[in-house]
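Chemist: model the following, please.
(one chain, ligands or ions: 1)
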Amino acid sequence: MVIQVTDLFKKIAMVGLIPYLCCLSYVAIAHEHIHTSHSPHVHGVAELNLIVEHNKLEIQFNSPAINLLGFEYRAHTTAEIAEVEQAKDHLINANKMFVFENADCQQTAIKLDFSAVEPVTKRDQHQNESQAPLHSEVSARYQFKCNSGTELTRVNVKLFEYFQYIKHIKAFWIAKSGQGVAELNTSSTTINLN
Ligand SMILES: [Zn+2]
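Modeler: Residues are numbered from 1 along each chain as shown. Modelled structure (predicted):
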């Protein structure tokens, strides 16, 4: 596995995608230490990174929190806390967020990071309000196992249907066929992995 991962990162390095793919779990598996970097924080714009390797698919979703919640600070009110919970409920349902049109891929793991917008705790309340970040991000990392009898070539992204503030998604992908970038919007939601 480690050998495969090393090869994968050689491939990524060649196309200069390391800044966008640094967070995927392949990194953790290989014990690599690569500086974390995302696309610039732009409201309305989110990012997806996809890696298909053999029958495994990994997807990393990064977004300004405002795209999912309408705010970017720690949830205070009951309504804000409900917004956070609803966003997590949507994201955790991977089969609603992503449709694999020509392959049977089952979710095997998911990790959400909403730490920047989670409700204020008593400890947080003692911190200076001015320390609160002006902007914050949330992320979700998915792992899937796909039916080995088929090759995944198309992913339909449903995030726009659940999060109306997302207007544009930059999707970086690596698959058996190569690598590329797909620019998605509400009328173009499919990533072609070839
Ligand atoms: Zn922001």
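
Chemist: from here on, contacts and neighbour counts on C-alpha atoms
Modeler: Noted.

Chemist: chain center to stretch 82-95: distance?
Modeler: Remark: stretch 82-95 is offset 13 Å from the chain centroid, using C-alpha atoms, centre = their mean, to the nearest Å.

Chemist: which parts of that stretch are buried?
Modeler: Neighbour counts over stretch 82-95 (16 or more other C-alpha atoms under 10 Å) mark 83-84, 87-88, 91-92, 94 as buried.

Chemist: state the mean pLDDT of that stretch.
Modeler: For stretch 82-95, the mean per-residue pLDDT is 97.

Chemist: which of the buried residues of stretch 82-95 sits closest to residue 133?
Modeler: residue 84 (17.2 Å; C-alpha to C-alpha).

Chemist: isn't the closest one up against residue 113?
Modeler: No. Counting by C-alpha atoms under 8 Å, residue 84 does not reach residue 113; the two are 11.2 Å apart.

Chemist: next structured bit after the helix or strand of the chain with the lowest mean pLDDT?
Modeler: One helix or strand of the chain scores below all others by mean pLDDT, DSSP states H and E: helix 25-30, with a mean of 36. With elements assigned by DSSP states H and E, the helix or strand that comes after helix 25-30 is strand 45-53.

Chemist: ok, which stretches of this protein are helices?
Modeler: 2-15, 18-21, 25-30, 66-69, 78-92, 94-97, 122-125, 159-162 (DSSP state H).

Chemist: list the buried residues in stretch 51-63.
Modeler: Under 16+ other C-alpha under 10 Å, the buried positions of stretch 51-63 are 51-53, 56-63.

Chemist: in strands, which of those residues fall?
Modeler: Mapping those onto strands (DSSP state E) picks out 51-53, 56-63.

Chemist: ok, those vs residue 173, which is closest?
Modeler: So of those, ranked by how close each gets to residue 173 (C-alpha to C-alpha), first place is residue 51, at 5.8 Å.

Chemist: next up, the contacts around residue 145.
Modeler: With contacts defined as C-alpha atoms under 8 Å, 6 or more residues apart in numbering, the neighbours of residue 145 are 55-57, 105-108.

Chemist: can you list those residues in TSV and add distance to residue 150 and pLDDT?
Modeler: Formatted as TSV, the contacts of residue 145 follow (distance: C-alpha to C-alpha, whole Å; pLDDT from 0 to 100):
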residue	distance to residue 150	pLDDT
55	9	90
56	12	94
57	13	95
105	10	93
106	13	93
107	16	95
108	18	96
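
Chemist: thanks a lot, catch you later.
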